[in-house]
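Participant: need the 3D shape of this:
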Amino acid sequence: MNKYTKNSDVKVLYLGTPEMSAHVLEAIIEAGFTVVGVVAQEDKEVGRHHEMQSAPTKIVAEKHNIRVFTPHKIRLDYSFATKLDFDCIVCLAYGQLIPDGLLSLAKVGNINLHGSILPSYRGAAPIQRAIMDDLSTTGVSLMEMVSAMDAGKVYDVAKVSILPNDTYTLLCSKIAEAGATLIVKDLLSYANGTLEGHEQNEKEVTFANKIKPEDEHLPLIKNCEMTIAYIRALSETPGAYVELGDKKLKIYHASLYSHDVLRAVGEIIPNKKHFLIQLYDGVIELLVVQIEGKGKMDGASFLSGARLGDHAFVK
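Facilitator: Below you'll find the predicted structure:
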């Protein structure tokens, strides 16, 4: 007889931070698995008033009276885990590299939900990079956690469609739904050693590098299609931006307006009803924007108050 006969037999230490990870945590709890602790990033200051905000996973854990740990640097501080009794670590978007010493504490093993179809898009930003590349399909992989980044055995995969209007925020929700389904379906089998996996083909590996602050600056050298994809990939957070005068103008939604090429790249085309930007192969309309120091607004409303005049540019 297998050691684990029902979900509640499996003791889980869960590592994760953002909203999508909280959704998966909630699914694991509702499926009856025993979550002995949740590890999340530290509370952080948000907004103009610098109010402290807890990680979404911490909020879920506290709702269910589950212990929460928020080490500043987990590679230096995981002593809390030596006092816990757990079979598996389950991780989704924790935000720090997990040290081997912590991984070695699990009785059965350690698994991660990664937001791509591995071995494609290993790394920190698989969801954003898939949208930037204008893919129509991505997915989530249930994989073994090993020392090398996202290099472990893959146990299961769920494909997720990327629709033309999907933003990073929307696609995160889809990935979370798919990931929740995978982990609830597979975790008991994994704990019992009956979930078969396969090694990744190293020849097919691609990487999804972290989104750095400089990556948020929208490159106007791309065509209309790829520029819109770039905007979608950073919406709703952190938001792609262009420079308008001495301020950053964030762009959250844009669409193709025409294939006309009548002005210089980056020039704002005069129009009372539409906020239009010339690119090298056409014109895009900025639908939702936010100038530094102000709230979000539709493009037309921004134009009516901006008084930009003729021959204004973004860069």
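Participant: pretty sure residue 105 is touching residue 82, no?
Facilitator: Yes. Using C-beta atoms under 8 Å, residue 105 is in contact with residue 82, at 6.6 Å. Bear in mind the C-beta positions are built from the backbone N, C-alpha and C, glycine included.
Participant: the two: which is more packed in?
Facilitator: residue 105 (15 against 9; other C-beta atoms under 10 Å).
Participant: distance of that one from residue 146?
Facilitator: 15 Å (C-beta to C-beta, to the nearest Å).
Participant: same question for residue 199.
Facilitator: Residue 199 is 11 Å from residue 146, by C-beta to C-beta.
Participant: the two: which has the busier surroundings?
Facilitator: Remark: of residue 199 and residue 146, residue 146 carries more neighbours, 14 against 11, as counted by other C-beta under 10 Å.
Participant: doesn't that one fall inside a strand?
Facilitator: No. Counting by DSSP: H, G, I helix; E, B strand; the rest coil, residue 146 falls outside a strand, being coil.
Participant: for it, what are phi and psi?
Facilitator: Torsion angles at residue 146 (phi, psi; degrees, to the nearest 10) stand at phi -130, psi 180.
Participant: which one is it nearest to, not counting chain neighbours?
Facilitator: residue 152 (4.2 Å; C-beta to C-beta, 6 or more residues apart in numbering).
Participant: what about that neighbour, how many neighbours?
Facilitator: Residues lying near residue 152 (other C-beta under 10 Å) number 22.
Participant: next, the contact list for it, please.
Facilitator: Contact analysis of residue 152 by C-beta atoms under 8 Å, 6 or more residues apart in numbering lists 112, 143, 144, 145, 146, 200.
Participant: give me the neighbour count for residue 181.
Facilitator: 15.
Participant: name the SS class of it, please.
Facilitator: helix.
Participant: just residue 186 next, same as before
Facilitator: helix.
Participant: run a quick neighbour tally on it.
Facilitator: Residues near residue 186, counting by other C-beta under 10 Å: 16.
Participant: so it is in contact with residue 142, correct?
Facilitator: Yes. With contact defined as C-beta under 8 Å, residue 186 reaches residue 142; the gap is 5.8 Å.
Participant: overlap in contacts, these two.
Facilitator: Common neighbours of residue 186 and residue 142 (C-beta under 8 Å, 6+ apart) are 155, 156.
Participant: top of the contacts of residue 152 by neighbour count?
Facilitator: Going by other C-beta under 10 Å, residue 143 tops the contacts of residue 152 with 25 neighbours.
Participant: ok, and what's touching stretch 85-94?
Facilitator: With C-beta under 8 Å, 6+ apart as the criterion, stretch 85-94 contacts 4, 10-18, 20-21, 24, 28, 36-37, 39-41, 74, 98, 102-103, 105-113, 115, 145, 179, 183, 187, 190-191.
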